[in-house]
Each structure stands twice: as structure tokens, then as C-alpha cells.
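> I'd like to go over a predicted model; first the sequence, then the structure.
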Amino acid sequence: MATTAIRPGGPGKGPAGADIGAAADGLAAASIAALVNDAPVPRPTLAKTFWAMMTREFRVLRRNAISTFTRSVMQPLLFVFVFAYVLPKIGGGMVVAGGGSGGGANFATILVPGLMASMLLMQGIMGTTMPLVMEFSWQRTIEDRALAPVPLRMLAIQKILAGAIQSFIGACIVFPIVLVVHAAGQAPHVDVTNWALLLVILVFGSTMTASLGLLLGTIMDPRKMQMLFAVILLPLTMLGCVYYPWSALHTIRWLQIATLVNPMVYMAEGLRAVLTPSLGHMPMWAVFLALIGGTLLFGYLGTRTFRNRVVN
Amino acid sequence: MTSATVQEVADKESPGIVPAIQTEDLRKTYKSARGDVEAVRGISLEVRPGEFFGLLGPNGAGKSTTIGMLTTLVHPTGGRALVAGHDVVKDTVAVKRRIGVVTQNNTLDMQLTVSENLEFRSRFFGLSSGEAKKRAAQLIDAFGLGERRKAMASDLSGGQARRLLIARALVHKPDVLFLDEPTAALDPQTRVNLWSILSVLHEQGQTVLLTTHYMEEAEELCDRIAVVDHGRVLAEGTVDELKQNAGAVTIVTLSFEEQIPQGFAERAGLADMHGVTSVEIDGDTLKVVSREPAGLLGELVAIGAREGLLVRDAATQKPSLETVFLTLTGREYRE
């Protein structure tokens, strides 16, 4: 004979519909009813939804302005303080800086475009990868945004744009800092003749880092975030012609060629070309090819991986 | 969809009405290196506008995957699904415009306040900034979140977060509201509160699809229920229909003052009376499962008395979704 264990106790009868008028916790049945009957008719368009999402980004940025600002400023500020103020004062470091191709350029001059490029990358990644990794982690808050009435591709593009704006702002904050912080007689020789070109390079540098940020954010395992710094940010920055011009690497030919795969190099060199044109720099066609091509390539790949991560 | 169901719908509502949800042989197989997992193995359902429909089943039955497919977040590997007449694969944006979704996870925007969560969601759905503020205020009032209006979403209690999630799913007056395990991990009072809210919404004509692994929740709220296990629908109907059609059983439990002697069930012929399907004896406790329980309890008491056993306690568990599940699967319902 088959025996079956039955859990004791039947299902308790909960509150019936009739109790609702007296529902606890200040819930008013009438006002809930009104929600269904007295609702505005939504007329979403792609543009409205996209703009609303951007507005949300600006709201969050404004709310976190102080911490974002501090985070962006500390690294370049300390860097120029040590290399353009402390070291010249104590009489070290300049051997390194003066060498290479510069022909008399001080280290501060080399650092201006380098640190701006570094900031583009840092903020592009911080602005895109970090939020994405959070959104894909255990609570999958990404599902909320994924349910907005737009194609997922649009959502990915919105993420890139939001990250690019942060990246752009970051670079703009760094610019005056690296210009003014230095020891007496160590002022960087910055000579911008083409502001429009500077703007264009900053814009495409921002979109490229944000696209890269999207790609990284969608392929990274949230549990291995610390790897991002060790494996991506640190090598890209240290080997990205931030602290030395690319042309100076000709003495280490293999490294000069190897660094060509590093997207950071093209941002640093592009900025070098417009900020300190007297120093040697990479040809502009290579810079633009890399920045625009990188934006499209990382953007395309990132959008695909994004969709695959959102939809199972 | 068969012509019969079209006719039924037409009879119930106005002619030519579009089903809120319609699935045909909907399937999802997750591919992985360790072998494929068939989460959903061919689910066909139809939910009518205004209906409160429940997917009831234990954890891992395929409910969340089904809701994922209906809300465009999971890509089906077979079959077809329409929500408000729109294909969930080919026309995702149209589907997303017409649905409100309360996911199992807390997907609130933690960077925003309670009010902003509602405002921005409204604006994502095309409301102007002014309309969005108004709608947010209306939702905050209705869901009793007035005092937490300016709190960050990350600071809400579990129950408050759940209410905000539901409020947020309603900003754009969705045709269908999806609720994936809305009361899981909530304390009993908060759960009862949510049930009240959901009942009012239903009374106002809101179409709802709810998944739950709580029997009493499905029984309390749903017009119709599909019992799901291992990715398939085992039975579908109103609670009453399920109880009748699934041959649901009544369970009579008797506790005696002393141990039940050996051979008691056989001597009394318990297995052959009153549509009894199972008898279990454990020390002083007798548990009899029956399809025709009328008069059974009295008879069991009398049989006990003939053997010199005095009844200490007696309980009858009437047909419920729990017993329906037992009948359908031959297994105890596990929550």
C-alpha cells in the first residue's frame, strides 16, 4: 500500500476582498482603484525615453557630484604635484622627463596630454563599466531599464553616451589642474592653436573609452572586478604613452610597435598633437582612425554582448 | 488559439477582444557545457483581459522562465507567445509598452529616491515631467509611501520596496501586470497588505499574471490557476475546477490515546472503504487519504473504538491546491 506523508494544517484563508476598505498601513482602496482608472495615457517615443534616461544620469551625476569630482581629481592632482612640483624641487626625476624626443620639454608638458587621456579612460570605464557590473550583479537591476519601451540597442547606446559625457567632463576638469600645478619654472608648454580639433579629439576619445567600458562591463564577471585594474586599467595606462610620448619609444622598437594595440596611445597622442604640437606625435590620420574605429568596433561588440547578457 | 476559446472570450467580453496573454507550446532550453536544461517544456496558456491568473508551482518549476519569456527578458527556444496581441520575440517594444513587471529581485534604482523612481519610470514611458510628478504623487499616496517619498530606494524595508516595485510597474497603466513571486520573503502582515492591494487592482479590471509557490496565495487571489511543475502545465482551471477535476482528496488524520496495534488497517479493511487511496500509520497517528470522505471520520472513530482506541485529536484537511498538487504529482508539495 502506498503511504504518503501529508504536511499538517491546511491553507489558511487570508483576508477576503471585503476587508480591503480597512486595509492596514494607511492603504486606501479608493486611491489604488483610481490608479487604474485615472491614469495618464503614456505616449512613449524613442527620443522621449532616451532623453528621460539621460536626464536620470544627470540627476545621479549631480547627486554624486562631490564624490565624482574628488575621485576624478585626486589621481591627476597628486601626479602633477609629485612630478611637476616635488621632484623638480628636490632635484630628481627630471633626467627621466627631459630625455626622449622632447628636446628640452619638461615632464609637465608631457604629462598634460597624458593625464588628460588617462582621465578619459578612467572616467569612461568608471562611468560605464562600474554601473553596468552593479546592474548585472545579483539583483540584476538592469532588468528594470531593460523593460523600458525601447530596443535594447538603444539602451546600450544610452549607456555609452552617459559614460562618454562623464569621461569628457573628467578630462575637462583635469586640464586646468595639470596646467597650474607645478614648481616655479616648470610650467608646461601648452600651445593650443586649434580648439575645435581639441574638442573633436576629446569627444571621440570619450566615446571610445565609454564603448570600451560597455564591452568590459558586459563581459566582466562581477566577482572578478579587482582584475579590471590589474589586467586592463593599469597596463593600458602605464603602456599608453601617458608618461612619455610615443615617438620617444623608438629606442625600444618592439614596445613602440606593441603599444599600437593599446587604444590609450591614440588618445594620448591625439591630445599631444593638439596641446603640445611642438613635441613629436603620431600622425593625425592614425589617431582618428583609431578613435572613430575603436568607438564603432567596441560599440558594436559591446551592444551585442549587452543584449546577450540582458536577454537569457 | 482554438475557435472554441475565441467564442468563450467573445461571450464573456466584447466581440473581437484580444487575449491578454496567449502562448502556444512555449519552450525554453538553457544550453550549458554541463548539458541542456529544459526549463519550460511546452506551455500553452490563454489569459483573458481582466483576469487574475496564477502560475503555481514549486521553486524550479519554470514559472520565472515563463514570465521572463512573456516579458521579453528571456528568449524562447520554441513555440510562440503573444502579450496584448504582440509577439514577445518580434515586437518587444510594443510588448514592453503594454506590460508592467514586478520582478522577483529588488530592481529599484538605488541611486534615486522613492519619488524619483516613479517619476523617471513615468518619463521612460513618455509622460512629461509635470505629468510624471503628478503620477508619482498619486502612486505614493495610494501605496502608503508618503513618509518615505524622499528616502533613497536603497533605504526601504522589504515590504516598502515591494510596494514601490508594484507602484512602479503601474505608472503607465499596463494592459497586463506581471508579478513574479511578489510576496516571497515578506512577513505575514506585509503579505496580507499586498494581497489587499492586488485584490483592489483586480476589482478595477487590472489583468494580472502572478507566479507563486504559496498555495494559499494562489487560492486567495487568482480567478484561474495553472499548476506547473518541471516546465509543464499539470492542470489548469479555477480553484474549484481544479479541486473537482484533479480528483482532489480529503485527508483525515486521527490521533489516538495509545499506539495503534499491528494489522489495524488490514483488520478494518480501511483500504477498501470510502474511496480511500492511501493509509499511513505512525505510532498513535492514523492518516487516511480519500476521494469520497463523507462519513469517513465518524466511521474511523467507530473502528478505533472497536479496537479499544480512544481518539485524542482529529482533523480533516479538505481538498485544497495542496491536495490537488499531491493528486497531480503523487508528491507532497514542497514550498
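Right, received. Where do you want to start? Remember, predicted model here, so these are calculated numbers, not experimental data.

> Can you give me the neighbour number for the nearest residue to B:Asp187 once chain neighbours are set aside?
Once flanking residues are discounted, B:Asp187 sits nearest to B:Gly159: 7.1 Å by C-beta to C-beta, 6 or more residues apart in numbering or on different chains. C-beta: built from backbone N, CA, C; applies to glycine. Neighbour count of B:Gly159, defined by other C-beta atoms under 10 Å in any protein chain shown: 17.

> quick one: contacts for B:Gly159?
B:Leu186, B:Asp187, B:Thr190, B:Asn193, B:Leu194 (C-beta atoms under 8 Å, 6 or more residues apart in numbering or on different chains).

> in what helix or strand does the residue lying closest to A:Ala162 once chain neighbours are set aside lie?
Among residues not flanking A:Ala162 along the chain, A:Glu57 sits closest, at 4.2 Å (C-beta to C-beta, 6+ apart). Using DSSP states H and E, A:Glu57 falls within helix A:46-63.

> who's in contact with that helix?
A:68, A:145, A:148-150, A:154-155, A:158, A:161-162, A:165-166, B:109, B:111-112, B:116, B:120, B:123-126.

> In it, which residues are buried?
Buried residues in helix A:46-63, counted by 16 or more other C-beta atoms under 10 Å in any protein chain shown: A:Lys48, A:Thr49, A:Phe50, A:Ala52, A:Met53, A:Arg56, A:Glu57, A:Arg59, A:Val60, A:Leu61.

> Quick one: mean pLDDT over that helix.
Helix A:46-63 shows an average pLDDT of 91 in the prediction.

> Neighbouring strands of the strand or helix carrying B:Asp25 in the sheet, and parallel or not?
If you go by DSSP H and E, B:Asp25 is part of strand B:21-30. Using DSSP bridges, strand B:21-30 pairs in its sheet with strand B:37-47 (antiparallel), strand B:78-83 (antiparallel).

> can you redo those strands as JSON lines with mean pLDDT, distance to A:Ile257 and mean neighbour count?
Below are the strands paired with strand B:21-30 laid out as JSON lines (pLDDT from 0 to 100; distance: least, C-beta to C-beta, whole Å; neighbours: other C-beta atoms under 10 Å in any protein chain shown):
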{"stretch": "strand B:37-47", "mean pLDDT": "91", "distance to A:Ile257": "47", "mean neighbour count": "20"}
{"stretch": "strand B:78-83", "mean pLDDT": "92", "distance to A:Ile257": "50", "mean neighbour count": "20"}
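
> If you count neighbours, what's buried in stretch A:197-204?
A:Leu198, A:Val200, A:Ile201, A:Leu202, A:Phe204.

> so the first one touches A:Leu275, yeah?
Yes - using C-beta atoms under 8 Å, A:Leu198 is in contact with A:Leu275, at 7.0 Å.

> Overlap of the contact sets of these two?
With C-beta under 8 Å, 6+ apart, A:Leu198 and A:Leu275 have common neighbours A:Val192.

> what residue ranges in chain A are flagged as low confidence?
A:1-28, A:92-105 (pLDDT under 70).

> Just to check, B:Ile17 is in contact with B:Glu46?
No - B:Ile17 is beyond contact range of B:Glu46, at 11.8 Å (criterion: C-beta under 8 Å).

> Helix or strand: which one has B:Leu179?
Using DSSP H and E, the element containing B:Leu179 is strand B:176-180.

> Neighbouring strands - and their directions - for that strand?
Strand B:176-180 has these strand partners (DSSP bridges): strand B:99-102 (parallel), strand B:207-212 (parallel).

> And the next helix or strand past it?
helix B:188-203.

> re earlier: most neighbours out of the contacts of B:Gly159, which is it?
B:Asn193 (24 neighbours).

> and residue 159, what element?
All of this is about chain A. Using DSSP H and E, A:Lys159 sits within helix A:152-180.

> meant chain B actually
helix B:158-169.

> Quick check: A:Met134 touching A:Thr141?
Yes - between A:Met134 and A:Thr141 a contact is recorded at 7.3 Å, counting by C-beta under 8 Å.

> Of these two, which one has the most company?
Each of A:Met134 and A:Thr141 has its neighbours counted (other C-beta under 10 Å); A:Thr141 has more, 22 against 17.

> How about the contacts made by that one?
Counted by C-beta under 8 Å, 6+ apart, A:Thr141 has contacts A:Met134, A:Glu135, B:Asn105, B:Asn106, B:Thr107, B:Leu108, B:Asp109, B:Met110.

> ok, of the residues you listed, which one's closest to A:Gly299?
Distance to A:Gly299 across the contacts of A:Thr141 (C-beta to C-beta) is lowest for A:Glu135, with 18.3 Å.

> for that closest one, what are its contacts?
Contacts of A:Glu135 (C-beta under 8 Å, 6+ apart): A:Thr141, A:Ile142, A:Arg145.

> redo that, cut-off 6 Å
A:Thr141, A:Ile142 (C-beta atoms under 6 Å, 6 or more residues apart in numbering or on different chains).
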